[in-house]
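# here you go, sequence then predicted model.
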Amino acid sequence: MSEPPLTTVGTGHSAERVVRPRRALRAGITHAVAVGVAVVLGILLPAIDGGSRVAADRVVAVLNVLGVGVLSVTALIFSLMFLVVQWAAGNFSHRLALFRSDPLVWRVFAFVIGVLVYSVTAVLAIGSRDTVSVAVPIAALVMAAVAFVLVRRLQLVALRSIQLSHVLDELRDRGLHVLDVYCPPGEAAGARDSMPGAVRLPGTVTASVLWRGTSVLVEQFNLVPLVAAAQRAGATVVLRAKVGDVLYDGDAVADVHHGTVPEAEVLKAVVAGPERTFHQDPALAFRLLSDIGLRALSPAINDPATAVQALDAVEDLLRHAAAGPIGQETRAIADASGTVRVILPVPGWDVLLRVGLDDILVIAPAMPMVLTRCRRLLTGVLSVAPAPLRPPLEERLAWTEQQLTTRPSFMRDEAG
């Protein structure tokens with residue numbers, strides 16, 4: 001038996017990523033700030049009396065043209081963006097939100113709205129003046145230039161989001177990042193000496209916390225206040241729900257050991273959301289890569305080469321996971337004194353294999369290219385996997401080899 005990997009609250013970037021939820025993008029606040037700044041500039045700049053001045057009627061004409069022009073171009077680009085999002089969902093996965101959740105989308109929109117508001121406010125502030133400071137048209141031109149640069153960047157990001165290689169690389173990179181957080185390679189030595197999932201629970205259960213109300217998706221956990229509440233009570237909270245789970249009325253959220261933690265404090269740690277996010281979800285990248293591979297292998301698309309590319313990324317993630325303490329299916333969160341206060345469930349090795357590989361492996365016998373790629377994947381991961389992680393790989397490899405033996409010899413070698 002071995003202890004789960006330990007994370008101490010407030011020590012290091014990785015620890016902060018585990019215990020703190022990622023703040024949702026406040027699109028409304030971003031837009032409000034942009035509008036507020038635009039209104040202030042639109043009022044203050046025309047009020048400048050000194051310096052170079054230009055005819056007010058010419059400035060008004062410039063402001064009208066820039067405001068309408070920036071808005072028109074942005075409306076066109078954002079119309080294309082909706083088509084890009086729809087295309088990516090239909091061809092990759094409906095759960096793929098890389099472009100849709102990119103902060104650049106809302107920041108560009110906020111800046112463009114700011115340019116429009118500045119133009120309107122400045123025109124109203126100029127009023128019947130004969131001349132106005134040259135700062136007014138210069139500010140408008142600079143804003144318009146920045147807006148077009150941002151729109152161009154947004155367009156390039158959108159175009160990359162429909163390219164298969166870019167999407168697979170992005171999913172792989174995000175998956176590697178979250179694996180580094182939950183399963184740092186430096187902690188692998190202790191985990192390799194234990195069986196997967198072995199963990200010593202902290203004594204008897206003194207209370208269980210159940211979910212009450214409508215069903216929700218567990219998007220993240222906010223563990224900082226939960227650790228503090230457990231520390232005050234001298235207790236340890238063992239979370240039974242995982243990130244990505246759906247909680248229904250009456251489902252177990254957590255067990256409290258030793259002390260008594262208020263139920264409200266435990267439930268506040270659950271951050272519900274509309275869809276899974278990468279921040280605290282090591283299995284999400286595997287799920288999306290499997291989705292892409294399965295969609296490519298569907299009779300309607302029949303694109304095994306895409307499935308092979310998805311398996312390339314899956315193998316990279318599995319090799320990386322095998323280097324860390326992935327056998328442990330929990331993560332211990334300690335307080336500042338080093339006392340374990342929260343135990344967080346995380347996907348283990350078997351879960352990652354099932355999510356990332358098994359669905360494709362079942363369909364692979366109908367596609368020689370995919371089946372041979374699965375064999376190479378399993379062989380490659382076996383070459384780096386520690387002994388406790390090898391049995392499920394060997395079982396799948398034996399099944400794959402059995403499927404290949406029923407085929408002619410020329411179908412057993414991988415083709416590009």
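Received it, and whenever you're ready, just let me know what you need. Residues are numbered from 1 along each chain as shown.
# every contact and neighbour count from this point should use C-alpha atoms.
Will do.
# got the CA coordinates for stretch 254-263 in CSV?
What follows is stretch 254-263 as a C-alpha-only set of coordinates in CSV (Å, rounded to 0.1, in the frame of the first residue of the first chain):
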residue,chain,number,x,y,z
ALA,A,254,-17.6,13.2,-0.4
ASP,A,255,-17.0,11.3,2.8
VAL,A,256,-15.7,13.2,5.9
HIS,A,257,-13.2,11.4,8.1
HIS,A,258,-12.3,12.1,11.8
GLY,A,259,-14.0,15.4,12.2
THR,A,260,-17.2,17.3,11.1
VAL,A,261,-17.0,19.6,8.1
PRO,A,262,-20.2,21.6,7.4
GLU,A,263,-22.1,20.2,4.4
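# and it, average pLDDT?
Mean per-residue pLDDT for stretch 254-263: 90.
# so which bits of it are buried?
Across stretch 254-263, burial judged by 16 or more other CA atoms under 10 Å covers 254-261, 263.
# can you pull the phi/psi pair for Val54?
In terms of degrees, to the nearest 10, the main-chain angles of Val54 are phi -130, psi 170.
# rewinding a little: pick the one among the buried residues of stretch 254-263 closest to Val314.
The shortest gap between Val314 and any of these belongs to Ala254, at 31.3 Å (CA to CA).
# how about the closest one, secondary structure?
At Ala254 the chain is in strand, as set by DSSP: H, G, I helix; E, B strand; the rest coil.
# any idea how far it is from Leu377?
37 Å (CA to CA, to the nearest Å).
# now, among the buried residues of stretch 254-263, which is nearest to Val37?
Distance from Val37 was checked for each of these by CA to CA. The minimum falls on Glu263, at 42.8 Å.
# residues contacting that closest one?
Shown in contact with Glu263 (CA atoms under 8 Å, 6 or more residues apart in numbering): Val209.
# name the element the closest residue to Val256 other than its chain neighbours belongs to?
Distances taken as CA to CA, 6 or more residues apart in numbering put Val237 closest to Val256, at 4.6 Å, once the chain neighbours are dropped. Counting by DSSP states H and E, the secondary-structure element that holds Val237 is strand 236-239.
# would you mind confirming that Thr260 makes contact with Ala207?
Yes. Checked against CA atoms under 8 Å, the pair Thr260 and Ala207 is within contact range at 7.1 Å.
# contact partners for Glu315?
Taking CA under 8 Å, 6+ apart, we find Glu315 in contact with 377, 380-381.
# element containing it?
Glu315 belongs to helix 304-322 when elements are defined using DSSP H and E.
# what's the following helix or strand after that helix?
Criterion used, DSSP H and E; the element after helix 304-322 is strand 330-334.
# right, and the helix or strand after that next one?
Proceeding C-terminally, strand 330-334 gives way to strand 340-345 as the next helix or strand, assigned by DSSP H and E.
# okay, angle between that following strand and strand 330-334 too, please.
Here strand 340-345 runs at 160 degrees with respect to strand 330-334, directions being taken by axes from the mean of the first three to the mean of the last three CA atoms, to 10 degrees.
# if we ignore the residues flanking it in sequence, what's nearest Leu159?
With sequence-adjacent residues excluded and distances taken as CA to CA, 6+ apart, Leu159 is closest to Val84, at 7.7 Å.
# read off the pLDDT value for the one you found.
Per-residue pLDDT puts Val84 at 75.
# and whichever strand or helix holds it, what's buried?
Using DSSP H and E, the element containing Val84 is helix 56-91. In terms of neighbour count (16+ other CA under 10 Å), helix 56-91 has its buried residues at 56-57, 59-60, 62-63, 66-67, 70-71, 74, 77-78, 81, 84-85, 88.
# likewise stretch 94-108?
Burial within stretch 94-108, assessed by neighbour count using 16+ other CA under 10 Å, is assigned to 96-97, 99-100, 104-108.
# related to what we said a few turns ago, can you pull the contacts of the residue nearest to Leu159?
By CA under 8 Å, 6+ apart, the contact set of Val84 is 158-159, 161-162.
# okay if I get these as JSON lines plus distance to Val227, neighbour count and secondary structure?
Listed next are the contacts of Val84 as JSON lines, based on distance: CA to CA, whole Å; neighbours: other CA atoms under 10 Å; DSSP: H, G, I helix; E, B strand; the rest coil:
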{"residue": "Ala158", "distance to Val227": "40", "neighbour count": "23", "secondary structure": "helix"}
{"residue": "Leu159", "distance to Val227": "43", "neighbour count": "14", "secondary structure": "helix"}
{"residue": "Ser161", "distance to Val227": "39", "neighbour count": "22", "secondary structure": "coil"}
{"residue": "Ile162", "distance to Val227": "41", "neighbour count": "18", "secondary structure": "coil"}
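# pretty sure Val136 sits against Ile48.
No. Under the criterion of CA under 8 Å, Val136 lies out of contact with Ile48, with a separation of 9.1 Å.
# look at these two and report which has more neighbours.
Here Val136 and Ile48 are set side by side on neighbour count (other CA atoms under 10 Å), and the busier one is Val136, at 28 against 14.
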